[in-house]
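K.L.:
Could you look at this predicted model? Sequence included:
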Amino acid sequence: MEAFVGTGVALITPFKEDLSVDTEALSGLVKDQIENGIDYLVVLGTTAESATLTPEEKEQVKSEVKKANAGKLPLVLGIGGNNTAAVVNELKSSDLEGFDAILSVSPYYNKPTQEGIFRHFKAVSEASPLPIILYNVPGRTSSNVLPETVNRIARELDNVIGVKEAAGDIVQAMKLISLVPEDFKVISGDDMITLPMTLAGGKGVISVIGQGLPREFSDMVRAGLEGKAREAYELHYRIAPSIELIFAEGNPAGIKALLAKKGMIKNVLRLPLVEATDTLQSRINAFVDKF
């Protein structure tokens, strides 16, 4: 399959009880994704609690993922921010060996105009030696990258190859798919509307739940890409309750609760994030047992 088509997974960062990075659990998680049909891995995105990792820990995570992956799946590295010059500097100074693309979030907090967003990605594009997937997630950034702006970026910046679209708006997603060049990848960043986006012409997903249910979720996306809507929706409706559960108290609290239930990690997050409440954990446990 073509690179960055299908199911990508936004990896968590497992922690030990003392809050240090649990490299053994991270390695096991990567191998589980490879064995269960995931198409590519996204390292140091939002789900990885990157905001709370030191530069040294980020290098530790990168190294461990590359070692466990052993060249089997394409790797995407999260490098983004709301200071354009700092993002440019990080792209120029980071060791990107072993990575195949960059996932770069639209600037958050500053609330730039559409022109500001375009110029930010132009600077990022010029600095990056790797292809870029831009990331639109208005719920976190407080500004929406409009379909017209994504289309402008797609047509003017050659090494921007796709967008992780997480506005949670199927109408916007369909408009986006209709506007951009055919070879520009519109990738769902929202697990619940992954299937309708894929059936509408999207190229799959960068998923959170895919990490916990890799076989079933990647089978669903594959069926969607092949146009097997009935088969895909059967899987969607089996999986859907878990998507509601894992986002009920924010990400990655929910997916860590699910992975902890599966015995893959310890259920530890770094402040300001906290673990799922006992009530949610018991609901997640019940879902996993039934599933």
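P.N.:
Now that the structure is in, tell me what you want to look at. Numbering: from 1, shown residues only.
K.L.:
can you give me the strands for this protein?
P.N.:
6-10, 40-43, 75-78, 101-105, 132-136, 160-165, 185-188, 204-207 (DSSP state E).
K.L.:
For the third one, give me every contacting residue.
P.N.:
The one in question is strand 75-78. 4, 8, 40-46, 48, 50, 62, 65-66, 69, 94, 96, 98-105, 130, 133, 206 (C-beta atoms under 8 Å, 6 or more residues apart in numbering). To be clear about C-beta, it is placed using only N, CA and C from the backbone, and glycine gets the same treatment.
K.L.:
Then the last one?
P.N.:
Outside strand 204-207, the residues within contact range by C-beta under 8 Å, 6+ apart are 4-10, 39, 42, 45, 76, 103, 133, 164, 187-189, 191, 194, 197-198, 217, 221, 224-225.
K.L.:
Tell me which stretches of this structure form helices.
P.N.:
Along the chain, the stretches classed as helices by DSSP state H are 23-35, 55-69, 84-93, 114-127, 138-141, 147-156, 170-179, 194-199, 209-212, 214-225, 229-247, 253-261, 278-290.
K.L.:
mind listing what the nearest residue to residue 235 once chain neighbours are set aside touches?
P.N.:
Leaving out its chain neighbours, the residue that sits closest to residue 235 by C-beta to C-beta, 6 or more residues apart in numbering is residue 220, at 3.8 Å. By C-beta under 8 Å, 6+ apart, residue 220 lies in contact with 194-195, 232, 235-236, 239.
K.L.:
would you turn those into CSV with distance to residue 122 and neighbour count?
P.N.:
Rendered in CSV, the data for those read as follows (distance: C-beta to C-beta, whole Å; neighbours: other C-beta atoms under 10 Å):
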residue, distance to residue 122, neighbour count
194, 29, 28
195, 33, 25
232, 37, 23
235, 39, 21
236, 37, 23
239, 38, 23
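K.L.:
Sort out which one of the residues you listed lies nearest residue 268 for me.
P.N.:
Of all the contacts of residue 220, residue 268 sits closest to residue 239, with 25.4 Å by C-beta to C-beta.
K.L.:
can you tell me which residues contact that closest one?
P.N.:
Residues near residue 239 by C-beta under 8 Å, 6+ apart: 209, 213, 216-217, 220.
K.L.:
Repeat the analysis, applying 6 Å as the threshold.
P.N.:
213, 216 (C-beta atoms under 6 Å, 6 or more residues apart in numbering).
K.L.:
Let me know the distance separating it from residue 175.
P.N.:
Distance, residue 239 to residue 175, using C-beta to C-beta, to the nearest Å: 26 Å.
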